[in-house]
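Q: Build the 3D model from these lines:
(one chain, ligands or ions: 1)
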Amino acid sequence: MKEQLEKIYNSASQDLDNANSISDIESIKAKYLSRKGEFNEIKKNLKNLSDEDKRIVGSLANEITQKLEGAIKTKFEEFYNKELNEKLQKDKIDITLPGKSVRMGNIHPLTSTTNEIVTILQGLGFSVVPSIQSPEVETEYYNFDMLNVPKDHPARDMQDTFYTKGASNVVLRSQTSGAQIHAMEGKKPPIRVISPGRVYRNEEVCARKNNFFHQIEGLYVDKGVTFGDLKGVLNEFIRIYFGASRPTRFRSSFFPFTEPSAEVDVQCIMCEGKGCRTCSGTGWLEVLGAGMVDPNVLRGVGIDPDVYSGFAFGMGVERFAMLKYAIDDIRLFFNDDERFLNQF
Ligand code: PHE
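A: A predicted model of the protein is given here:
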């Protein structure tokens with residue numbers, strides 16, 4: 001039995017020497033020291049021995065078991081530390097490295113200008129119409145017919161308006177004024193609405209003009225609305241948007257859907273009125289068209305022009321932004337140059 005014990009111990013020691021990992025050591029422990037392990041099998045047989053032998057073999061068995069336990073523990077710690085160190089080495093991070101900076105987007109200057117204009121006009125009593133009432137792809141009916149633009153008017157010419165291929169009467173809207181018709185159709189005054197959106201024109205692109213741009217249409221129809229109301233609202237708007245010190249002028253003009261009509265110019269901020277490339281030497285930039293809603297337009301949507309009157313305006317968003325931030329070329333808004341966009 002003694003020999004048997006020593007044999008087991010020797011083979012356990014050999015196994016331990018060959019062990020390569022914690023899991024090897026765990027299987028060795030199970031093989032020799034568990035309840036079903038080899039030492040326990042021997043201890044079970046102790047009862048067949050004489051008392052004297054029981055004592056000798058028993059204490060030897062205990063001694064050897066303890067020795068083996070000690071050896072296993074040492075080996076285990078050795079592997080445990082080794083594996084832990086390897087893991088720590090592998091997962092090591094340098095907490096002194098600078099972090100990756102998160103790039104923040106910012107609001108496009110045209111969006112913020114639109115928001116600013118809308119907020120001011122809301123403060124003056126106008127509400128934004130749902131966008132479904134001002135589509136970018138529009139029929140001639142809304143873009144021209146109902147706005148009193150005669151069939152032979154030059155603005156309808158293919159050179160100004162983008163026609164679609166599918167249907168001859170469908171256009172990319174050339175102005176937001178169609179929103180006036182959508183807003184008045186089937187409704188009774190008072191109507192006091194605004195409608196921001198994109199418009200398209202087949203223009204030659206230059207510092208002042210792009211072949212698409214953005215407008216904010218405004219419409220106020222009620223009993224007794226006068227040109228004085230129009231001037232009052234627009235002057236107040238411009239005072240809030242630019243501050244009191246910016247020179248502006250009202251100029252009489254013509255639009256088929258307003259009578260009388262006017263345009264508003266704001267002094268060019270790039271040259272302070274001296275004349276430059278942006279204002280094509282005039283010292284002024286036109287920012288909006290406006291006028292009293294033509295009686296024909298009111299009649300067309302079933303509003304009696306003898307009872308009601310109204311005014312309308314269409315503001316050019318790019319121009320308002322250019323004149324506030326001294327942006328000397330409209331194309332800067334659309335070519336995604338970060339050096340430009342990051343300034344806002
Ligand atoms: N739709 C006109 C334009 O695009 C502007 C305008 C709007 C004029 C409303 C009068 C009334 O030039």
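Q: which bits of this protein sit near the ligand?
A: Contact residues of the chain with respect to the ligand, defined by C-beta under 6 Å from any ligand atom, are listed as 175, 177, 255, 258, 261, 289, 290, 291, 312, 313, 314. Every C-beta, even on glycine, is put in place using the N, C-alpha and C of the backbone.
Q: of those, buried ones?
A: A residue is treated as buried here by neighbour count (16 or more other C-beta atoms under 10 Å); on that basis the buried members of these are 175, 177, 255, 258, 261, 289, 290, 291, 312, 313, 314.
Q: What about the nearest residue to the second one once chain neighbours are set aside, how many residues nearby?
A: Read it as residue 177. Counting by C-beta to C-beta, 6 or more residues apart in numbering, the nearest residue to residue 177 once its immediate chain neighbours are dropped is residue 147, at 5.4 Å. The burial count assigned to residue 147 is 25, neighbours taken as other C-beta atoms under 10 Å.
Q: what's near enough to touch residue 147?
A: Residue 147 makes contacts with 177, 178, 180, 181, 256, 257, 297, as judged by C-beta atoms under 8 Å, 6 or more residues apart in numbering.
Q: so can I have JSON lines of the residues of the chain next to the ligand showing pLDDT and secondary structure?
A: Conversion of those to JSON lines gives the following (pLDDT from 0 to 100; DSSP: H, G, I helix; E, B strand; the rest coil):
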{"residue": "175", "pLDDT": "95", "secondary structure": "coil"}
{"residue": "177", "pLDDT": "96", "secondary structure": "coil"}
{"residue": "255", "pLDDT": "94", "secondary structure": "strand"}
{"residue": "258", "pLDDT": "97", "secondary structure": "strand"}
{"residue": "261", "pLDDT": "97", "secondary structure": "strand"}
{"residue": "289", "pLDDT": "97", "secondary structure": "strand"}
{"residue": "290", "pLDDT": "98", "secondary structure": "strand"}
{"residue": "291", "pLDDT": "98", "secondary structure": "strand"}
{"residue": "312", "pLDDT": "98", "secondary structure": "strand"}
{"residue": "313", "pLDDT": "98", "secondary structure": "strand"}
{"residue": "314", "pLDDT": "98", "secondary structure": "strand"}
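Q: so which of those residues comes closest to residue 98?
A: residue 314 (50.4 Å; C-beta to C-beta).
Q: tell me the contacts of the closest one?
A: Contacts for residue 314 were tallied using C-beta under 8 Å, 6+ apart; they are 175, 176, 177, 215, 216, 217, 218, 288, 289, 290.
Q: and if you look at residue 114?
A: When contacts are counted by C-beta under 8 Å, 6+ apart, residue 114 is found next to 196, 214, 216, 317.
Q: now residue 266, what's its secondary structure?
A: strand (DSSP: H, G, I helix; E, B strand; the rest coil).
Q: residues contacting it?
A: With contacts defined as C-beta under 8 Å, 6+ apart, the neighbours of residue 266 are 238, 242, 246, 247, 248, 284, 285, 287, 319, 323.
Q: Mark which of these are part of helices, please.
A: The helices, defined by DSSP state H, take in 238, 242, 319, 323 from the contacts of residue 266.
Q: pLDDT and neighbour count for these - can I get that in a markdown table?
A: Converted to a markdown table, the ones in helices among the contacts of residue 266 look like this (pLDDT from 0 to 100; neighbours: other C-beta atoms under 10 Å):
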| residue | pLDDT | neighbour count |
| --- | --- | --- |
| 238 | 95 | 20 |
| 242 | 93 | 18 |
| 319 | 95 | 22 |
| 323 | 94 | 23 |
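Q: And those, which is closest to residue 163?
A: In terms of C-beta to C-beta, no member of the ones in helices among the contacts of residue 266 lies closer to residue 163 than residue 319, at 25.9 Å.
Q: ok, and the closest non-adjacent residue to that closest one?
A: Taking C-beta to C-beta, 6+ apart, and ignoring the residues beside it in sequence, residue 319 has residue 287 as its nearest neighbour in space, at 4.6 Å.
Q: Need the residues that contact stretch 323-342.
A: Taking contacts as C-beta under 8 Å, 6+ apart, the residues outside stretch 323-342 that touch it are 106, 108-110, 113, 205, 207-210, 213, 241-242, 246, 266, 268-270, 276-278, 285, 287, 318, 321-322, 344.
Q: repeat for stretch 45-55
A: With C-beta under 8 Å, 6+ apart as the contact definition, stretch 45-55 has outside contacts at 1, 57, 58, 61.
Q: Need the per-residue pLDDT for the second one.
A: In this case it means residue 57. At residue 57 the predicted local confidence, pLDDT, stands at 81.
Q: ok, now the first one?
A: Residue 1 is assigned a pLDDT of 75 by the prediction.
Q: residue ranges for the helices of this protein, please.
A: In the chain, the segments counted as helices under DSSP H are 2-18, 22-33, 38-45, 51-90, 109-123, 140-143, 178-184, 227-242, 295-300, 317-325, 338-341.
Q: Spatially nearest residue to residue 210 (excluding sequence neighbours)?
A: Nearest-residue entry for residue 210: residue 330, 5.0 Å, with adjacent residues in sequence omitted and distances by C-beta to C-beta, 6+ apart.
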